[in-house]
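1. Let me see the structure of the following:
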Amino acid sequence: MTHVVLLAPRLPEDGGVAHHTQRLVAAWRDAGCEVTVDSSSPLRPERQVDNWADAGATALLVQYVPFLYGRFGLSRGLARLVRLARGTGLRVTLFVHEPWVPPTRLPWLILSPLQRRQLLTLVRLADRTVTAVPAWAPILGADVEIIYVGSNLGEPPQTPEAVDSPVLFSPFAAGLNWEWIGAAADAISATPGLVVLGADADAARTHTATRASFRAEWDWRGRLPADEVLRIAGGAPIALAPFTDGPTGRRRGISPIRSSLMVPSMSRAPKTSL
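-> Below is the predicted model:
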């Protein structure tokens, strides 16, 4: 039987890595694999690898996001962990959620080269490297396979239900310009003035980023499954999504994206195998 170890420090913290890990665990167990999630801080690679070997592990998935491993992720320790795992016969796959941080802030001018060195070393050491983002494959400089691993978005709806209002996704993102959002919704003059996904009205009234701009007439749909988000966004005349300001790295506004262009790029066929 295949026994996969998922290396995912800092769980059960919420976030993208946690969500991917939950989906992978469910999919692989349904397929008959044994799965172990190791969320401990990898400060003693020898002990961790010995524990995996004693448990009968046959494969290791190393999940990589900048800062996921803290200071350990900037050292050579993570590479040593991979070498030790391969030395015991484990097949190692590196799953790059995100590459190194861009050098757009003063501290990142130092951290970015260190993370780049660490990540590219891991790419060379791993048996296989995968990422779910095609744009990241070239910057890794190796034979990286695109696998939409852990995705539950599925295919977009063929005939989405029409939504007359603009749709805003992720309303609690830091620094969103709510005055701009309100003005855009008023300009379209739809009813309701805005469909907000990702938070319900009660949460919006109490959240520091939204309560000053809260509008009762907006349609707060709350947190929805991915297929429902795709269905609503696919039928909207325009979708509003946060963007990141390059010089500061902070989210300062939103970018209008036509739904007909956004939805196909979001949906991928789910694949869950290593």
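
2. R128 pairs with what?
-> Applying DSSP bridges to R128 gives these bridge partners: T93.

3. helices or strands next to the lengthiest helix in the chain in the packing?
-> When the chain is parsed with DSSP state H, its longest helix is helix 108-125. Helix 108-125 is packed against strand 59-64, helix 77-87, strand 91-96, helix 136-140, with contacts defined by 3 or more C-beta pairs under 8 Å, 6 or more residues apart in numbering; DSSP states H and E. The C-beta positions use only the backbone N, C-alpha and C, and glycine is treated the same way.

4. Now do the buried residues in the shortest one.
-> With burial defined by 16 or more other C-beta atoms under 10 Å, the residues of helix 136-140 counted as buried are 137, 140.

5. The helix or strand following it - which strands sit beside it in the sheet, and in what orientation?
-> Moving toward the C-terminus from helix 136-140, the next helix or strand (DSSP states H and E) is strand 145-146. Looking at strand 145-146 with DSSP bridges, its partner strands are strand 128-131 (parallel).

6. so how far is the partner strand off the chain centroid?
-> In terms of C-alpha atoms, centre = their mean, to the nearest Å, the centre of strand 128-131 is set 15 Å apart from its chain centre.

7. Residues in contact with it: which ones?
-> 91-97, 122-123, 137, 140, 142-147, 149, 274 (C-beta atoms under 8 Å, 6 or more residues apart in numbering).

8. Now do the strands in the chain.
-> With strands called from DSSP state E, the chain shows them at 3-7, 34-38, 59-64, 91-96, 128-131, 145-146, 167-169, 195-197, 219-222, 239-244, 251-257.

9. least reliable of those strands going by mean pLDDT?
-> When the strands of the chain are compared by mean pLDDT, strand 251-257 comes last with a mean of 41.

10. picking that back up, want to throw the strands of the chain into JSON lines with distance to R80 and mean neighbour count?
-> Formatted as JSON lines, the strands of the chain follow (distance: least, C-beta to C-beta, whole Å; neighbours: other C-beta atoms under 10 Å):
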{"stretch": "strand 3-7", "distance to R80": "13", "mean neighbour count": "22"}
{"stretch": "strand 34-38", "distance to R80": "16", "mean neighbour count": "17"}
{"stretch": "strand 59-64", "distance to R80": "12", "mean neighbour count": "24"}
{"stretch": "strand 91-96", "distance to R80": "12", "mean neighbour count": "22"}
{"stretch": "strand 128-131", "distance to R80": "18", "mean neighbour count": "20"}
{"stretch": "strand 145-146", "distance to R80": "25", "mean neighbour count": "12"}
{"stretch": "strand 167-169", "distance to R80": "40", "mean neighbour count": "23"}
{"stretch": "strand 195-197", "distance to R80": "43", "mean neighbour count": "24"}
{"stretch": "strand 219-222", "distance to R80": "45", "mean neighbour count": "18"}
{"stretch": "strand 239-244", "distance to R80": "33", "mean neighbour count": "19"}
{"stretch": "strand 251-257", "distance to R80": "36", "mean neighbour count": "15"}
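
11. looking at the ones you listed, which is closest to L78?
-> With C-beta to C-beta as the criterion, L78 lies closest to strand 59-64 of the strands of the chain, at 7.6 Å.

12. just checking, I188 touches P237?
-> Yes - I188 is within contact range of P237, at 7.2 Å (criterion: C-beta atoms under 8 Å).

13. Show me whatever sits in contact with both of these two.
-> Shared contacts of I188 and P237, counting by C-beta under 8 Å, 6+ apart, come down to 165-166.

14. looking at the helices and strands packed on helix 108-125, which is closest to S112?
-> helix 136-140 (12.0 Å).

15. Report the distance from that closest one to the chain centre.
-> Worked out by C-alpha atoms, centre = their mean, helix 136-140 lies 16 Å from the chain centre.

16. Alpha carbons of that helix, as PDB, please.
-> Coordinates of each C-alpha in helix 136-140 appear next as PDB, following Å, rounded to 0.1, in the frame of the first residue of the first chain:
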ATOM      1  CA  TRP A 136       5.500  29.600 -11.900                       C
ATOM      2  CA  ALA A 137       6.900  26.700 -13.900                       C
ATOM      3  CA  PRO A 138       9.300  28.800 -16.000                       C
ATOM      4  CA  ILE A 139      10.800  30.700 -13.100                       C
ATOM      5  CA  LEU A 140      11.700  27.400 -11.300                       C
END
